[in-house]
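K.L.:
turn this into a model:
(one chain, ligands or ions: 1)
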Amino acid sequence: MLDPTPRRVAPAAPDRNTPLAPDLPADWPGLWERLIELRTHGAASGFIHDGATGWRLAQGVSAGAAALFSLYKPLLDARFRQRQEGEARAWVVAQLGQSLDGFIATSTGDSFFVNGEHCLLHLHRLRALCDAVLVGAGTVAVDNPQLTTRRVPGPHPVRVVLDPEARLDGQARVFLDGQAPTLWLCDARHAALARSRLGPALPRPTERAAPGCEVLAIDNWLVPGSEMRYRPELAIQALAERGLRLLFVEGGGITVSRFFGADALDRLHLAVAPVWIGRGRRGLQAPASEVMADCLRPLTHTVPMGPDMLWDMDLRSPAA
Ligand SMILES: NC(=O)c1ccc[n+]([C@@H]2O[C@H](COP(=O)([O-])OP(=O)(O)OC[C@H]3O[C@@H](n4cnc5c(N)ncnc54)[C@H](OP(=O)(O)O)[C@@H]3O)[C@@H](O)[C@H]2O)c1
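P.N.:
Now for the predicted structure:
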């Protein structure tokens, strides 16, 4: 007999022991290993750098591996300019995984998983290529994320939580698990409160070896009465002063919109999944324009990521 009840099949949570996205190009894992070597040591076999075009591949690779390389090349080029050419400016990439109707989570905050396995791996690769991964307090409160690179070879970034008024309780995983250094960014007026919440609340089995968690106070970070709430550029500056100059803003929508609105992003990755959420947490909210010709239309290229489509946008191109 036919079952008249429509079935809702939630995507299975990726199992950490099963390799994700088995349909990745066969030559990609080897290329990624060398890319991490390049990120870490500034040189690796198979990559050539020239002043005009930045890094490129010395040998031919599959079309799929070349497409993935094109996504990470801007980060490698930025690192080269910072390390080898002494560029002082920080460089910032942001991402959002969203539905066809522009939501990054349901109205309850459920975002597991908007995108498929390929995008999950992509997220971990962006973390591995950057000095620091930044998330809003809302994401920490809802997702309790780890923000590590456990799904790909590569170093963990410093984890940065943007929480100007220290609204979090200090009990989230990033503050306690010791897997990677964590910075809790607060306006200086709220830093003492944050510090008081970082007491020895939970046993930390690897305490002595574990990287620490620290409150980083920013003077006059909060902007009273403004929708922007805080000045993203002061956060970027505070991180740059600590040597963290390649930054990845991972979400959520409010945080990415704040950085976007402050013109603090160099690059934006929007991963669009073939799903409608209907009503939920908004993705990027760009400043409005009345005239179509005035609307921001950045230089864009797309890379298929399994069932999703990744839009890679250069926000510093003349068009943008
Ligand atoms: N699909 C994706 O790519 C992706 C990525 C990351 C997160 N997410 C999802 O996005 C949602 C979170 O993003 P979001 O745009 O709402 O926020 P967000 O950008 O992560 O964080 C900023 C917002 O969180 C608020 N906030 C501060 N402390 C909080 C607390 N303790 N509890 C709850 N909110 C607090 C902030 O309020 P104030 O301005 O007053 O401080 C601000 O409005 C979650 O559902 C998460 O699962 C999706």
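K.L.:
show me the contacts for Val114.
P.N.:
Applying Cβ atoms under 8 Å, 6 or more residues apart in numbering to Val114 gives the contacts 97-99, 103-105, 273, 275, 277. Every C-beta, even on glycine, is put in place using the N, C-alpha and C of the backbone.
K.L.:
cutoff 6 Å now
P.N.:
By Cβ atoms under 6 Å, 6 or more residues apart in numbering, the contact list for Val114 reads 97, 273.
K.L.:
before we move on, what SS does it have?
P.N.:
coil (DSSP: H, G, I helix; E, B strand; the rest coil).
K.L.:
over to Pro145?
P.N.:
coil.
K.L.:
distance of it relative to the ligand?
P.N.:
Noted for Pro145: a distance of 8 Å to the ligand, by Cβ to the nearest ligand atom, to the nearest Å.
K.L.:
so the residue nearest in space to the middle of the chain: helix, strand or coil?
P.N.:
Computing the C-alpha centroid of the chain and ranking residues by Cα atoms, centre = their mean puts Glu250 first, at 2.8 Å. The assignment at Glu250 comes out as strand when based on three-state DSSP.
K.L.:
just checking, it touches Val135?
P.N.:
Yes - Glu250 is within contact range of Val135, at 5.2 Å (criterion: Cβ atoms under 6 Å).
K.L.:
what segments of the chain are helices?
P.N.:
28-41, 63-83, 117-129, 137-143, 173-176, 191-197, 232-240, 253-261 (DSSP state H).
K.L.:
before we move on, back to that, dump the residue contacts of the residue nearest to the centre of the chain.
P.N.:
133, 135.
K.L.:
pLDDT score assigned to it?
P.N.:
pLDDT recorded at Glu250 is 98.
K.L.:
ok, Leu193 next?
P.N.:
For Leu193, the pLDDT comes out at 97.
K.L.:
for Glu227, see how far away it is.
P.N.:
Remark: distance between Leu193 and Glu227 (Cβ to Cβ, to the nearest Å) = 23 Å.
K.L.:
ok, now Val152?
P.N.:
36 Å.
K.L.:
more neighbours: which of these two?
P.N.:
Neighbour totals were compared for Val152 and Glu227, and Val152 leads with 20 against 10 (other Cβ atoms under 10 Å).
K.L.:
and that one, what are its phi and psi?
P.N.:
Dihedral pair for Val152: phi -140, psi 150, per degrees, to the nearest 10.
K.L.:
how about it, nearest residue that isn't a chain neighbour?
P.N.:
Nearest residue to Val152, sequence neighbours excluded (Cβ to Cβ, 6 or more residues apart in numbering): His124, at 4.6 Å.
K.L.:
that neighbour contacts Arg150, doesn't it?
P.N.:
No - at 7.2 Å, His124 does not count as touching Arg150 under the criterion of Cβ under 6 Å.
K.L.:
between the two, which is the more surrounded one?
P.N.:
Using other Cβ under 10 Å, the more surrounded residue of His124 and Arg150 is His124, with 20 against 11.
K.L.:
alongside the ligand, which residues does the stretch 1-150 of the chain contribute?
P.N.:
Residues of the stretch 1-150 of the chain found near the ligand (Cβ under 6 Å from any ligand atom) are 96-97, 104-105, 109, 111, 114, 135-139, 141-143.
K.L.:
repeat the analysis, applying 8 Å as the threshold.
P.N.:
Contact residues, the stretch 1-150 of the chain versus the ligand (Cβ under 8 Å from any ligand atom): 95-98, 104-106, 108-112, 114-115, 123, 135-143, 145.
K.L.:
just the buried subset of those residues, written out for PyMOL, thanks.
P.N.:
In PyMOL syntax, the buried subset of these is picked out as below (16 or more other Cβ atoms under 10 Å):
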select buried, resi 95+96+97+98+104+105+106+109+111+114+115+123+135+136+137+138+139+140+142+143+145
